[in-house]
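mind folding the following:
(chains A and B)
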Protein chains: 2
Amino acid sequence: MNIFISPLWTTSYLLAEVTNGEAYTKAVVASLMVTAGTIFLLSVLLGELCVRLSLPTVLGDLATGVIMGGSILSILVFSEVGEQANSTMLQFLEWVTQADPETTLAAYQFQMRAFINESANIGLLTLLFVTGLESDLAELIQVGTQAATVAVTGVVLPLVIGAITLSALFDVPTIPALFAGAALTATSIGITAKVLQDLGRLQSSEGQIILGAAILDDILGIVVLAIALSLVETGEIEITKIISLLISATIFVLVAILLNRYFCPVFTPIVERFKNPAALMLFSLIFLHILALTAIGIGLEALLGAFAAGLVLGGMSIKERLAQLFEPFVYVYTTVFFVTIGARVDLSVLNPFVAENRESLIIAACLITIAVIGKIGAGFVTFTDKPINRLAIGVGMIPRGEVGLVFAGLGAATGVLSESLDVAVIIMVIVTTLIAPFLLRLVFRSSIEKIEESRKVEAIQELAGEKF
Amino acid sequence: MNIFISPLWTTSYLLAEVTNGEAYTKAVVASLMVTAGTIFLLSVLLGELCVRLSLPTVLGDLATGVIMGGSILSILVFSEVGEQANSTMLQFLEWVTQADPETTLAAYQFQMRAFINESANIGLLTLLFVTGLESDLAELIQVGTQAATVAVTGVVLPLVIGAITLSALFDVPTIPALFAGAALTATSIGITAKVLQDLGRLQSSEGQIILGAAILDDILGIVVLAIALSLVETGEIEITKIISLLISATIFVLVAILLNRYFCPVFTPIVERFKNPAALMLFSLIFLHILALTAIGIGLEALLGAFAAGLVLGGMSIKERLAQLFEPFVYVYTTVFFVTIGARVDLSVLNPFVAENRESLIIAACLITIAVIGKIGAGFVTFTDKPINRLAIGVGMIPRGEVGLVFAGLGAATGVLSESLDVAVIIMVIVTTLIAPFLLRLVFRSSIEKIEESRKVEAIQELAGEKF
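As a prediction, the model looks like this:
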């Protein structure tokens, strides 16, 4: 049996050790082809729909997951759910590979564990690296204090209100409550930036503060995530441990910011001197590996290392080229990551006619409310004496998007979030992403109208002054 | 324990089921970081050296593998070799993760099986897809018959002479002898194209025939590989089976060539109409998946499907953009694939003072001779009546490169090639790659000198004619 003859992402070597059967290998390969092919086909079509509707493509990936998951097609079924995979698909696999039903099923289950989870891992790390890469620290420093007050308030308010509400009203234990609260912190800037651009308000003071605060939000959100995960691992909340994690994570990120400013101007010309076309990509991966190793070494998470690596390399003058190199990884693996999050959603939890479901719908409604109020509140503490549309700033921070979904994905995978709480977090992400564009147009239009109105009044007064 | 918190390519989900220990997960992650980081660092530095010396970077990858393998550093040790991994590295891992020695060693062995082999698989498939993508069929058709005679002779001669020599002189069993003979078939065009460009002879008749024949060579070589692997799988040689494999593989490739001409002009505008930035990448992967599934369904290998997918999509007018999207995958995964081939080489086999080694050195010398003679012979059957440098065509086809290494890698992995035969194939690839540029300059320079000389003679005669 040959071990290399297998498609993208197969782990036939491993399974060769398990069964040593040619039919099994072929069934795994075929199984990968069918699941991955369907993921890519659906996500590209639904993503196209989102692009046309001016929505982020991540919603298309989530929808792909929901459709392929146990609720509808049952092509992407995680074994912990215990549901049966689509029998038509299994029969198709049997027909192609001419393997018997037991072999086909075993092959399908193996590739779900190996391929799908593997790819989702790569997708998560790539996502965090690219998020770090695109965090424009120079821009952040420009809007400094104003963005900082908005960001910190926008992280603390939803986290604290969320955790207390879940714990007090719904009897959620402390760690899940903190984890779900933490899922409310990070802002997704993509959709807001797009709407602001459409309105021609991206360069306004409000737009700049929103962008700066969102970058800082991501940093704070991922630090919160790293700490929350460490708490989940040990399962206990020691105040000294939280403080030491907070300190080491903060130092880690601060060092990354320093490296962004002082290491990159040295590193860029070294990399550019290489004529090997693979140099930029491989050096970046080496750097990612070193930071992940360092993060593990000081008791933090590898994903914080990936994010920090992106943060540092964002200081390179050739970061556009680097982002382009990582794009294909995002297209393939981050898609799989978001699809798996969707696939874990059990749609039946949303049926309001089942009594037990009402609680998770109520929790979702609560989370949405807290998510909106928390960020609008943050907008109002903007530290400035200039006239500024504080409501618009708050509204611009409402969409949660990718990092919120990372919390949902990790929450489900680690089992820290119960099924209903996990679905509630995902609903919160989807709803905040969907409502933000409308609200944003609303508050900016009213402010534009106000400004135009006051200009009209001034013009009339001027006119009147001239006449009389 | 959290399952997503792991670096690029980890399979912590799988191992979580095996051990469920946090220290183990961290050790796997750290182990990946160290091995992958070292692979990338060494390969980028040695690749740079190759670029500066005008050699293909694949030699740098091979050297990286040899250095990291059991012969020198022992960082990349495959368990079947049974050697011990580098103890300094293991101690470093223990220090970083604070895991005990047994856990660290188990984690190291697991990630070698899961990560390294997994990545090598992806690298192989990507390599074949990109090889297909870059096969310019239009160019091939232009030089049609001439290239075809050269290519077919250049495949048949080394295969037959190689297999017979190995079988008759060295008592190699039939299937390994055929497999090693097949490793002598495919031409690597990269280095020849570069030398021809330097000499300004790429557009000459010789240059065009070499390029055309090399493309066809790849196609024939990969068909031969698919057939050879099927023979290895069943372990027996039935003439009816060989014929049926040959027919189905030929039809498969012919259909791919037809699709290249008639499907792509329809497919390109459809893909271009999509506004989703991920569309091109994902549609190509879907297509790769469909062809791989088809290949499996008709009893062929998934790798032939990947190659055929590349062959078809090479007909797209936007194939440059597609090649760019797959470049990062080549940088990362194909590097790992070639490094693993190098890592399986046991340098001690090369020591001529050990009596048993002499045979493998003699085999290597034989293979090199057959490789050179086979292609030069093919050059002399060039089907044309125009004056042409037949020796130059043959010499241009000498370097074996990537596809030869694919044979070596699969030969070692499936166990069909004995260790000494495998090393002999790798030595053959390295030597033919190294000598080709020198020989090529030699034959082209002598032909340039001859042409210049005859021009001089003509000029003198003209001058003489004018005078008298």
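
close to chain B, is stretch A:398-412?
Yes: under the criterion of CB under 8 Å from any CB of the partner chain, stretch A:398-412 makes contact with chain B via A:Gly409, A:Leu410. All C-beta spots, glycine's among them, are computed from the backbone N, C-alpha and C.

and A:Pro387, helix, strand or coil?
Following DSSP: H, G, I helix; E, B strand; the rest coil, A:Pro387 is assigned to coil.

show the model's pLDDT score for it.
Here the pLDDT value assigned to A:Pro387 is 79.

for stretch A:102-119, the distance to its chain's centre please.
For stretch A:102-119, the distance from its own C-alpha centre to the chain's C-alpha centre is 25 Å (CA atoms, centre = their mean, to the nearest Å).

hmm, I was thinking of stretch A:25-44
For stretch A:25-44 - counting by CA atoms, centre = their mean - the centre lies 24 Å from the chain centre.

just the CA atoms of that stretch, as CSV, please.
The C-alpha coordinates for stretch A:25-44 follow below in CSV (Å, rounded to 0.1, in the frame of the first residue of the first chain):
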residue,chain,number,x,y,z
THR,A,25,-7.4,4.3,2.2
LYS,A,26,-9.4,4.9,-0.9
ALA,A,27,-12.5,5.4,1.1
VAL,A,28,-10.8,8.0,3.3
VAL,A,29,-9.5,9.8,0.2
ALA,A,30,-12.9,9.7,-1.5
SER,A,31,-14.6,10.8,1.7
LEU,A,32,-12.3,13.8,2.0
MET,A,33,-13.0,14.7,-1.7
VAL,A,34,-16.8,14.6,-1.1
THR,A,35,-16.9,16.6,2.2
ALA,A,36,-14.2,19.1,1.3
GLY,A,37,-15.6,19.5,-2.2
THR,A,38,-19.1,20.2,-0.8
ILE,A,39,-17.7,22.7,1.7
PHE,A,40,-15.9,24.6,-1.0
LEU,A,41,-18.7,24.6,-3.4
LEU,A,42,-21.4,25.7,-1.0
SER,A,43,-19.2,28.3,0.7
VAL,A,44,-18.1,29.9,-2.6
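
for that stretch, give the mean pLDDT please.
Stretch A:25-44 shows a mean pLDDT of 89 in the predicted model.

also stretch A:90-106?
Taken as a whole, stretch A:90-106 has a mean pLDDT of 86.

same question, stretch A:228-242
When pLDDT is averaged along stretch A:228-242, the result is 78.

same thing with stretch A:210-221?
For stretch A:210-221, the mean per-residue pLDDT is 84.

what does that stretch rub up against?
Counting contacts by CB atoms under 8 Å, 6 or more residues apart in numbering or on different chains, the residues outside stretch A:210-221 that touch it are A:131, A:135-137, A:139-140, A:142-144, A:146-148, A:150-152, A:154-155, A:182, A:185-189, A:192-193, A:196, A:202, A:253, A:311, A:378, A:393, A:396-397, A:403.

and stretch A:354-364, by the same measure?
In contact with stretch A:354-364 (CB under 8 Å, 6+ apart) are residues A:166, A:170, A:348-352, A:419-421, A:423-424, A:427-428, A:431.

just the CA atoms of that stretch, as PDB, please.
Taking Å, rounded to 0.1, in the frame of the first residue of the first chain, the C-alpha atoms of stretch A:354-364 are listed here in PDB:
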ATOM      1  CA  VAL A 354     -40.100  23.600  22.200                       C
ATOM      2  CA  ALA A 355     -40.200  24.800  25.800                       C
ATOM      3  CA  GLU A 356     -36.500  24.100  26.600                       C
ATOM      4  CA  ASN A 357     -35.400  26.100  23.700                       C
ATOM      5  CA  ARG A 358     -37.000  29.300  24.800                       C
ATOM      6  CA  GLU A 359     -34.300  29.800  27.400                       C
ATOM      7  CA  SER A 360     -31.500  29.800  24.800                       C
ATOM      8  CA  LEU A 361     -33.500  32.200  22.700                       C
ATOM      9  CA  ILE A 362     -33.900  34.500  25.700                       C
ATOM     10  CA  ILE A 363     -30.200  34.200  26.400                       C
ATOM     11  CA  ALA A 364     -29.400  35.100  22.800                       C
END
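
quick one, which of the contacts of stretch A:354-364 are buried?
With neighbours counted by 16 or more other CB atoms under 10 Å in any protein chain shown, those contain buried members at A:Leu166, A:Phe170, A:Val349, A:Ser420, A:Leu421, A:Val423, A:Ala424, A:Ile427, A:Met428, A:Val431.

contacts only, for the nearest residue in space to the third one that is not next to it in sequence.
Think A:Val349. Using CB to CB, 6 or more residues apart in numbering or on different chains and skipping the chain neighbours, the partner closest in space to A:Val349 is A:Val423 (5.0 Å). Shown in contact with A:Val423 (CB under 8 Å, 6+ apart): A:Val345, A:Asp346, A:Val349, A:Leu350, A:Ser360, A:Ala364.

what is the rounded mean pLDDT of stretch A:345-363?
Looking at stretch A:345-363 alone, the average pLDDT works out to 82.

over to stretch A:167-182?
91.

just to revisit the earlier point, quick one: which of the buried ones among the contacts of stretch A:354-364 is nearest to chain B?
The shortest approach to chain B among the buried ones among the contacts of stretch A:354-364 belongs to A:Leu421, at 16.3 Å (CB to the nearest CB).

OK, contacts around the closest one?
Neighbours of A:Leu421 in contact, by CB under 8 Å, 6+ apart: A:Leu166, A:Val172, A:Pro176, A:Ala180, A:Ser360, A:Ile363, A:Gly411.

quick check, pLDDT for A:Glu327.
Predicted confidence (pLDDT) at A:Glu327: the value is 93.

element containing it, please.
Element membership for A:Glu327 (DSSP states H and E) is helix A:319-329.

how far off helix B:319-329 does that helix point, in degrees?
Relative orientation of helix A:319-329 with respect to helix B:319-329: 90 degrees, computed using axes from the mean of the first three to the mean of the last three CA atoms, to 10 degrees.

neighbouring contacts of the helix or strand following helix A:319-329?
For helix A:319-329, the following helix or strand on the C-terminal side (DSSP H and E) is helix A:335-343. The set of residues that contact helix A:335-343 without belonging to it, under CB under 8 Å, 6+ apart, is A:36, A:39-40, A:43, A:58, A:61-70, A:76-78, A:116-117, A:119-121, A:123-124, A:127, A:405, A:408-409, A:412, A:426, B:278, B:282.

how about a cut-off of 7 Å?
Residues from elsewhere that reach helix A:335-343, judged by CB atoms under 7 Å, 6 or more residues apart in numbering or on different chains: A:39, A:43, A:58, A:61-66, A:68-69, A:76, A:78, A:116, A:119-120, A:123-124, A:127, A:405, A:408-409, A:426, B:278.

A:Gln109: what secondary structure?
Per three-state DSSP, the secondary structure class of A:Gln109 is helix.

number of nearby residues for it?
The local packing of A:Gln109 (other CB atoms under 10 Å in any protein chain shown) involves 16 other residues.

try A:Val34
A:Val34 is flanked by 21 other residues according to other CB under 10 Å.

quick revisit: closest one of the contacts of A:Leu421 to A:Leu90?
If you rank those by distance to A:Leu90 using CB to CB, A:Gly411 comes first, at 30.1 Å.

could you give me the average pLDDT of the helix or strand in which that closest one is found?
Using DSSP H and E, A:Gly411 sits within helix A:401-414. Averaged over helix A:401-414, pLDDT sits at 84.

cool, and stretch A:442-459?
The predicted model gives stretch A:442-459 an average pLDDT of 68.

next: stretch A:261-269.
For stretch A:261-269, the per-residue pLDDT averages 90.

please state the offset of that stretch from the chain centre?
Mean-position distance between stretch A:261-269 and its chain equals 28 Å (CA atoms, centre = their mean).

could you do stretch A:189-196 as well?
Here stretch A:189-196 shows a centroid-to-chain-centroid distance of 15 Å under the convention CA atoms, centre = their mean.

near chain B at all, it?
No: for stretch A:189-196 and chain B, the contact criterion (CB under 7 Å from any CB of the partner chain) is not met; the two come no nearer than 12.6 Å.
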